[in-house]
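Peer 1: Got a predicted model here, sequence first, then my questions.
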Amino acid sequence: MQGERPRELAGPDVWETCRELVPAGSVFAFLAEHRDGLFPAGMFADMYPSPNGRPSMPPQVLAVTVVLQALHGLPDYEAAQAVRCDLRWKAACGLGLLDAGFHPSLLTYFRRRLQGSSDPGRLFSRVKEVAAATGVLAGKRRRALDSTVLDDAVATQDTVTQLVAGIRRVIREVPGAAGAAAAACTAHDYRDPGKPKIAWDDEQARAALVSALVNDALALLGALPAQPPGPAADALGLLALVAGQDVEPAEGSDGTDGRWQIARRTAPDRVVSVTDPDSRHVHKSRARRQDGFKAHVSFEPEAGLFTAVELTSGSGTGNHEAAVAASLLAGEQEAVTVLGDAAYGTGELRRRLRDAGHAAVIKPPPLRPAVPGGFTADDFAVDEQAGTVTCPAGQVTALGRSQADGTRQAKFKGLCRDCPLRRRCTTSQAGRVLSVHPQHALLAAARRDAADPAWKDEYRRWRPPVERAIAWLVARGSRRVPYRGINRNNAWLANRAAALNLRRLINLGLTSTADGTWALA
């Protein structure tokens, strides 16, 4: 059942007796004064539905601790120690001087209740409600979008480690798997916690081990029946994945003879650790590669507040910046001006923004001419209504039918044969082929707009603040996520953004009036 604050504190009230020791204008001082107004007991009632049982730690105390923990980047043990020993934390939580605090595991239980509730991001939502009540966002209709890579909390595993760990997990989770493994798996004693004992500097020994481990995995998967959804099915699916993502048949083999080798490529959506199967290889740029997740943010650059955050897997088309942008903007009640770099410059996102009534100040990706310094797609006149394309030399050809991805091709072929501009247009012997994007008109208009000085001024003034917001987000060791899995880290990201928003509002003068109305001083 939900716990309530005791009427008598354990020792003197820290806020009343030691107020001068708590920095004025800090998050600690604000929470000490306005904690119950910010996080009223009623907002947690659905997390404690039973009226029976032992009363929990008051959820307001845990909520304040989670916010401070996210703000300062502390693990559970250190956060619990701060509540026990630090006067600032005691004042913020409303505890007495002699209050011993709580066990760190209560923070884990509280986060689980939050994640399992109808509103896992309620702390972030509550701070957004307070911001809206102050009117700080009134009339501010710009949203800057960006993303950053967050490192995972596990070690990247090689193929051998993943295969051994995957088999061990199946033995542990799937009923009857221990007996099946004893009968079918011979490459390694999977009860041994270490790696297989071979001469690791012997190339032939390593190749034989890889083949044996893959064969063990396939034999174990073949010996076990399908499982209903749950940990057992997840273990089988993960083993099947790691047994295939990094290996290929050995040279001169089709795999039926049991000979396998490490593949000479990296799977595009490779699982990097069976300890955290949600972590992925992330390619933020060609030169920068990390293992982890992507944090996506929507930021109001004038007030300096996060309006939405989301953590996703680091790879996959559905987790691309332009694909996640729509969900970041889903809560906007009015049309906004969306600012973003070239990662958000896809035709599909521009179409969705236009249909929703939003304005796009998004940097268009550069066009790459077929010949260095030659003609680009913008030098061709595309008439989609008439279904024709006119080249820079004035030659006209028809647009072909839409392909699977929606593009249409204009093939000039023989028209290029005697064209005096050919050297500036194409190097193909068959003539120029122009691919026309399904959102060609939107993309071409975006490139024209980006050349306007007024557009450049808008972009240069309001886009850079989101870079500062990303710096806030990853400060205090927060570049590395503290947990495993997307759901838990997504909740952590929301709490981190809530804490940063609260600090920003306090710096802007957040206060509560006598009638409980939130305002900026």
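Peer 2: Sure, I can see it.
Peer 1: List phi and psi for Leu311.
Peer 2: Leu311 has phi and psi values of phi -110, psi 130 when expressed as degrees, to the nearest 10.
Peer 1: can you give me the strands for the stretch 51-200 of the chain?
Peer 2: Applying DSSP state E, counting those that start in this stretch to the stretch 51-200 of the chain gives strands spanning 142-151.
Peer 1: Ok, the stretch 251-400 of the chain next?
Peer 2: Secondary structure of the stretch 251-400 of the chain (DSSP E, counting those that start in this stretch): strands located at 260-262, 280-283, 289-300, 305-313, 337-340, 359-362, 381-383, 388-390, 396-398.
Peer 1: Mean pLDDT lowest where, among those?
Peer 2: Of all those, mean pLDDT reaches its minimum on strand 280-283 (a mean of 82).
Peer 1: List the contacts of that strand.
Peer 2: Contacts with strand 280-283, where a contact means Cβ atoms under 8 Å, 6 or more residues apart in numbering, come from 149, 266, 269-272, 289-294, 313-316. Yep, even glycine has a C-beta here, placed from its N, CA and C like the rest.
Peer 1: Please apply the same query to stretch 402-418.
Peer 2: 380, 382, 388-389, 391, 395, 397-401, 422, 425-426, 430-438.
Peer 1: go again using 7 Å as the cut-off
Peer 2: Contact with stretch 402-418 is made by 389, 391, 395, 397, 399-401, 422, 426, 430-438, as judged by Cβ atoms under 7 Å, 6 or more residues apart in numbering.
Peer 1: And Lys128, how far from Val309?
Peer 2: Distance, Lys128 to Val309, by Cβ to Cβ, to the nearest Å: 11 Å.
Peer 1: Comparing those two, which residue is more hemmed in?
Peer 2: When Lys128 is set against Val309 and neighbours are counted by other Cβ atoms under 10 Å, the residue ahead is Val309, at 24 against 20.
Peer 1: these two touch, right, the more buried one and Trp492?
Peer 2: No. Assessed by Cβ atoms under 7 Å, Val309 is found out of contact with Trp492, at 10.3 Å.
Peer 1: List phi and psi for Ser428.
Peer 2: The phi/psi pair for Ser428 (degrees, to the nearest 10) is phi -80, psi 140.
Peer 1: who are the neighbours in contact with it?
Peer 2: Not one residue lies near Ser428 by Cβ under 7 Å, 6+ apart.
Peer 1: repeat for Phe39
Peer 2: Under the criterion of Cβ under 7 Å, 6+ apart, the neighbours of Phe39 are Gln60, Ala63, Val64, Arg126.
Peer 1: Contacts only, for the second one.
Peer 2: Taking Cβ under 7 Å, 6+ apart, we find Ala63 in contact with Phe39, Leu123.
Peer 1: Quick check: the gap between it and Arg126.
Peer 2: From Ala63 over to Arg126 (counting by Cβ to Cβ), the distance is 9 Å.
Peer 1: tell me which residues in stretch 291-302 are buried?
Peer 2: Neighbour-count burial for stretch 291-302, counted by 16 or more other Cβ atoms under 10 Å, picks out Asp291, Gly292, Phe293, Lys294, Ala295, His296, Val297, Ser298, Phe299, Glu300, Pro301.
Peer 1: ugh, typo on my part, it should be stretch 84-97
Peer 2: The neighbour-count check on stretch 84-97 (16+ other Cβ under 10 Å) flags Asp86, Leu87, Arg88, Trp89, Lys90, Ala91, Ala92, Cys93, Gly94, Leu95, Gly96 as buried.
Peer 1: Show me the residues you listed that map onto helices.
Peer 2: Those of the buried residues of stretch 84-97 mapping onto helices are Leu87, Arg88, Trp89, Lys90, Ala91, Ala92, Cys93, per DSSP state H.
Peer 1: that older thread, in terms of distance to Tyr483, which of the contacts of strand 280-283 ranks first?
Peer 2: Distance to Tyr483 across the contacts of strand 280-283 (Cβ to Cβ) is lowest for Phe293, with 10.5 Å.
Peer 1: What residues are bridge-paired with the closest one?
Peer 2: On the basis of DSSP bridges, Phe293 is bridged to Leu150, Ser313.
Peer 1: got a list of what it touches?
Peer 2: For Phe293, counting by Cβ under 7 Å, 6+ apart, the contacting residues are Leu150, Asp152, Ser279, Leu311, Thr312, Ser313, Gly314, Val481, Ile486, Asn489.
Peer 1: again, but for Arg169
Peer 2: Applying Cβ under 7 Å, 6+ apart, we find Arg169 in contact with Ala235, Leu238, Val274.
Peer 1: burial count for the last one?
Peer 2: Counted with other Cβ under 10 Å, residues neighbouring Val274 total 22.
Peer 1: Can you tell me the closest non-neighbouring residue to it?
Peer 2: Using Cβ to Cβ, 6 or more residues apart in numbering and skipping residues adjacent in sequence, the residue nearest Val274 is Ala165, 4.6 Å away.
Peer 1: these two touch, right, the one you found and Asp276?
Peer 2: No. Judged on Cβ under 7 Å, Ala165 makes no contact with Asp276 at a distance of 11.5 Å.
Peer 1: Looking only at neighbour counts, state which of the two leads.
Peer 2: Asp276 (23 against 18).
Peer 1: Please identify the helix or strand for the residue nearest to that one when sequence neighbours are not counted.
Peer 2: Counting by Cβ to Cβ, 6+ apart, Arg484 is the residue found nearest to Asp276 once chain neighbours are left out, at 4.1 Å. Using DSSP states H and E, Arg484 is not contained in any helix or strand.
Peer 1: Pretty sure Arg484 sits against Pro277.
Peer 2: No. In this structure, Arg484 is not within contact of Pro277 by Cβ under 7 Å, at 8.9 Å.
Peer 1: These two: which has the busier surroundings?
Peer 2: Each of Arg484 and Pro277 has its neighbours counted (other Cβ under 10 Å); Pro277 has more, 20 against 17.
Peer 1: residue contacts, that one?
Peer 2: By Cβ under 7 Å, 6+ apart, the contact list for Pro277 reads Leu238, Val271.
Peer 1: Quick check: pLDDT value at it.
Peer 2: 91.
Peer 1: same check, this time on Ala217
Peer 2: Ala217 carries a pLDDT value of 93.
Peer 1: again with Gly3
Peer 2: Reported pLDDT for Gly3: 65.
Peer 1: picking up where we left off before, mind checking how far the residue nearest to Asp276 is from Thr17?
Peer 2: 42 Å.
Peer 1: Then Ala471?
Peer 2: Ala471 is 38 Å from Thr17, where distance means Cβ to Cβ.
Peer 1: more neighbours, these two?
Peer 2: Between Ala471 and Thr17, Thr17 has the larger neighbour count (other Cβ under 10 Å), namely 14 against 10.
Peer 1: and the more buried one, what does it touch?
Peer 2: By Cβ under 7 Å, 6+ apart, the contact set of Thr17 is empty.
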